[in-house]
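**Student:** Predicted model and sequence follow; I will ask about them next.
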Protein chains: 2
Amino acid sequence: MSARPSEGPLGVFDSGIGGLTVVQAIAELLPGERVVYLGDTARVPYGNKSPETVTRFARQDAAFLLGRGVKAVVVACNTATAFALPVLAAEMTVPVIGVLEPGVEAALARTRNGRIGLIGTAGTIGSEAYQRAIASRRPDAHLVARPTPLLVPLVEEGWLEHQVTRQVIEEYVGPMLREGIDTLVLACTHYPLLKPLLRQVAGPDVALVDSATTCAAHLGRRLATLGLDAPQKDVGGIEIFLTDRPAQFERVARRFLTVPIHRIDVVALPE
Amino acid sequence: MSARPSEGPLGVFDSGIGGLTVVQAIAELLPGERVVYLGDTARVPYGNKSPETVTRFARQDAAFLLGRGVKAVVVACNTATAFALPVLAAEMTVPVIGVLEPGVEAALARTRNGRIGLIGTAGTIGSEAYQRAIASRRPDAHLVARPTPLLVPLVEEGWLEHQVTRQVIEEYVGPMLREGIDTLVLACTHYPLLKPLLRQVAGPDVALVDSATTCAAHLGRRLATLGLDAPQKDVGGIEIFLTDRPAQFERVARRFLTVPIHRIDVVALPE
């Protein structure tokens, strides 16, 4: 007797560990779902690499997850979503959900004045995928976008409350605030860890839209619509696969993910 | 009639573009040498990855250069040198020169009080390769080592004179200065671009030893000893191979390398 599709795990991949913020949000919102996570830590980051290279890597990542029998693939990386989601969606035999659409929908629902700030990697911003998605839904929106490549290294260094990080955020986000944005899209799965500092710099009146929680909420609705949500009796669980196991992985991962991890393995991806 | 070995090009590889500081130093010091450079920009950086993964990548990089007929291989990456130099030296059929030995020799020649600071990636510092090399030559040396993972992103962001970069350097290097170091080893090929700020923070009395110029000087002596130096009549030239061509590569590369580039190609490495 074959398992029902809804009983398979969710596959989630990212260039590294940032996507664990999405796993955390899934675990909180959809606690019955089992998750198989792949972090391409041998080739991290994707954010400063070309569309061709990121698409090649994303295909390999998704193929690995399909091989684990997942019922859907979540692209928990803004750069991979921006460059590769259409290709993956066209090629894969299971639903593919990225972080872009949920973020765009949430931003458009939140903004009152139509002035939206966008921060992410050089790849995500340079792809203009967010810019196109917003313009197609709301042509009069005024988008202020900026690549913010220092934020991932600052998160990975653990300087989440550091004066230097605050200054970097001021330099990146300050000009957006002066343009009157009322909503800021955090288009990178590392950035939710900087929410306290971003809140301090942006003030109480700017809505912060993060990739992780908006993606998990969207995913829950998609799975329910498709009849792929886990049966209520299920107890979730998280398996993590990495392409490299860096020193102090657990210490860094614990900043992103506080729910229990059932397994961590290092794997080689077929080219 | 086969070419004399001294007529082949030098092979130089790095995880990305930082090794171009070594190419620049070679071009200045040994202008007759032709250089074939490989930057593994698809998988950059190496500095936060495991010894096993870095060694695997370094072997693939060196094999690519051997396939281009190089007379010697320069490992222009401190992390790859720290983890993989012994393996490469044992396996390769041409001389292999890393950045560690030249830096260690220069530091020991420069220090007066035997108190030496060391900054580099998490991989380089965690490998303890520099620490061992210094201790074996001068057991009474007092080494203060610190991983400084934010410096590469700051260089790549172009914030070479930025107030934030100065603060980060003060946080990283300040404690070393308070321990009385008189020599600071810049154990990463990106760091020569930060010499003006490092000089401001460290003051005039601390010797700054950089990987690029010390490696080029050492290389010149090694080639002469082995009879592999280019004939005087030769005119050098630089060919660059990359595993990914990121946006704005030339703009960023020009911070590292001001001599002419004869060719830039993107290549796939055999696994």
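**Tutor:** Great, that's in hand.
**Student:** all contacts plus neighbour counts: C-alpha atoms, from now on.
**Tutor:** OK.
**Student:** Report the buried residues of stretch A:22-42.
**Tutor:** A:22-27, A:30-42 (16 or more other CA atoms under 10 Å in any protein chain shown).
**Student:** do stretch A:170-184 as well
**Tutor:** Quick answer for stretch A:170-184 (16+ other CA under 10 Å): A:170, A:172-173, A:176-177, A:180-184.
**Student:** Output those residues in CSV; the columns should cover secondary structure and pLDDT.
**Tutor:** Listed next are the buried residues of stretch A:170-184 as CSV, based on DSSP: H, G, I helix; E, B strand; the rest coil; pLDDT from 0 to 100:
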residue, secondary structure, pLDDT
A:170, helix, 98
A:172, helix, 98
A:173, helix, 98
A:176, helix, 98
A:177, helix, 98
A:180, coil, 98
A:181, coil, 98
A:182, coil, 98
A:183, strand, 98
A:184, strand, 98
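**Student:** With respect to chain B, which of the residues you listed is nearest?
**Tutor:** Within the buried residues of stretch A:170-184, distances to chain B taken as CA to the nearest CA reach their minimum at residue A:170, with 11.1 Å.
**Student:** give the contact list for the closest one.
**Tutor:** residue A:201 (CA atoms under 8 Å, 6 or more residues apart in numbering or on different chains).
**Student:** any idea how far it is from residue A:211?
**Tutor:** Using CA to CA, to the nearest Å, residue A:170 is found at 21 Å from residue A:211.
**Student:** on that earlier part again, please narrow the buried residues of stretch A:22-42 to those residing in helices.
**Tutor:** A:22-27 (DSSP state H).
**Student:** Now the residue in chain A positioned nearest to chain B. Nearest residue, chain neighbours left out?
**Tutor:** Chain B sits closest to residue A:43 of chain A, with a gap of 4.5 Å, by CA to the nearest CA. Leaving aside its sequence neighbours, residue A:43 sits nearest to residue B:43 (CA to CA, 6 or more residues apart in numbering or on different chains; 4.5 Å).
**Student:** how about stretch A:35-47 as CSV, C-alpha atoms only?
**Tutor:** Extracted as CSV, the C-alpha positions of stretch A:35-47 are listed here (Å, rounded to 0.1, in the frame of the first residue of the first chain):
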residue,chain,number,x,y,z
VAL,A,35,10.8,18.7,6.9
VAL,A,36,13.8,17.6,4.9
TYR,A,37,16.2,20.5,4.7
LEU,A,38,19.2,20.8,2.3
GLY,A,39,21.7,23.6,2.9
ASP,A,40,24.3,23.9,0.1
THR,A,41,27.0,24.9,2.6
ALA,A,42,29.9,23.8,0.4
ARG,A,43,29.0,26.5,-2.2
VAL,A,44,27.3,29.1,0.0
PRO,A,45,26.6,32.0,-0.6
TYR,A,46,24.5,32.3,-3.8
GLY,A,47,23.8,36.0,-3.4
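**Student:** how distant is that stretch from the center of its chain?
**Tutor:** Offset of stretch A:35-47 from its chain centre (CA atoms, centre = their mean, to the nearest Å): 11 Å.
**Student:** outside of that stretch, which residues touch it?
**Tutor:** A:9-17, A:19, A:23, A:54, A:61, A:65, A:68, A:70, A:79-80, A:121-124, A:236-246, B:42-45, B:49, B:53.
**Student:** State the phi and psi torsions of residue A:46.
**Tutor:** The phi and psi values for residue A:46, taken as degrees, to the nearest 10, are phi -90, psi -20.
**Student:** how far away is it from residue A:193?
**Tutor:** 19 Å.
**Student:** Next: residue A:119.
**Tutor:** 14 Å.
**Student:** got the residues of chain A near chain B?
**Tutor:** A:41-45, A:48-50, A:53, A:149-150, A:153-154, A:157, A:164, A:167-168, A:244-247 (CA under 8 Å from any CA of the partner chain).
**Student:** So which of these belong to helices?
**Tutor:** Among the residues of chain A next to chain B, the members falling in helices (DSSP H) are A:53, A:153-154, A:157, A:164, A:167-168.
**Student:** So which of those wins on neighbours?
**Tutor:** Within those, residue A:154 tops the neighbour count with 21 neighbours, counted by other CA atoms under 10 Å in any protein chain shown.
**Student:** quick one: contacts for that one?
**Tutor:** Per CA under 8 Å, 6+ apart, neighbours of residue A:154: A:160, A:165, B:150.
**Student:** List phi and psi for the last one.
**Tutor:** Note on residue B:150: its backbone torsions stand at phi -80, psi -10 [degrees, to the nearest 10].
**Student:** What is the neighbour count of it?
**Tutor:** By the criterion of other CA under 10 Å, residue B:150 has 21 neighbours.
**Student:** How much space separates it from chain A?
**Tutor:** Here the criterion is CA to the nearest CA, to the nearest Å. By it, residue B:150 lies 6 Å from chain A.
**Student:** Test my guess that that residue contacts residue A:151.
**Tutor:** No: the criterion here is CA atoms under 8 Å, and residue B:150 misses it with residue A:151 at 10.0 Å.
**Student:** quick one: low-confidence ranges for the stretch 151-271 of chain A?
**Tutor:** A:233 (pLDDT under 70).
**Student:** which residues in it form helices?
**Tutor:** Along the stretch 151-271 of chain A, the stretches classed as helices by DSSP state H, counting those that start in this stretch are A:151-157, A:163-178, A:195-202, A:211-226, A:249-256.
**Student:** out of residue A:119 and residue A:193, which sits in the busier spot?
**Tutor:** Neighbour tally, residue A:119 and residue A:193, criterion other CA under 10 Å: the higher count belongs to residue A:119, 23 against 19.
**Student:** Enumerate every residue touching the more buried one.
**Tutor:** Here residue A:119 is in contact with A:125, A:145-148, A:184-188 (CA under 8 Å, 6+ apart).
**Student:** Let's see that with 7 Å instead.
**Tutor:** Neighbour list for residue A:119: A:145-148, A:185-187 [criterion: CA atoms under 7 Å, 6 or more residues apart in numbering or on different chains].
**Student:** With residue A:145 instead?
**Tutor:** Contacts for residue A:145 (CA under 7 Å, 6+ apart) come out as A:117-119, A:125.
**Student:** For my notes, confirm it occurs in a strand.
**Tutor:** Yes: under DSSP: H, G, I helix; E, B strand; the rest coil, residue A:145 falls within a strand.
**Student:** Per-residue confidence at it, what does it come out as?
**Tutor:** As predicted, residue A:145 sits at a pLDDT of 98.
**Student:** What distance do you get for it to residue A:121?
**Tutor:** Going from residue A:145 to residue A:121 by CA to CA gives 11 Å.
**Student:** Okay, and residue A:89 sits in which element?
**Tutor:** helix A:78-91 (DSSP states H and E).
**Student:** between that helix and helix A:211-226, how big is the angle?
**Tutor:** In terms of direction (axes from the mean of the first three to the mean of the last three CA atoms, to 10 degrees), helix A:78-91 departs from helix A:211-226 by 20 degrees.
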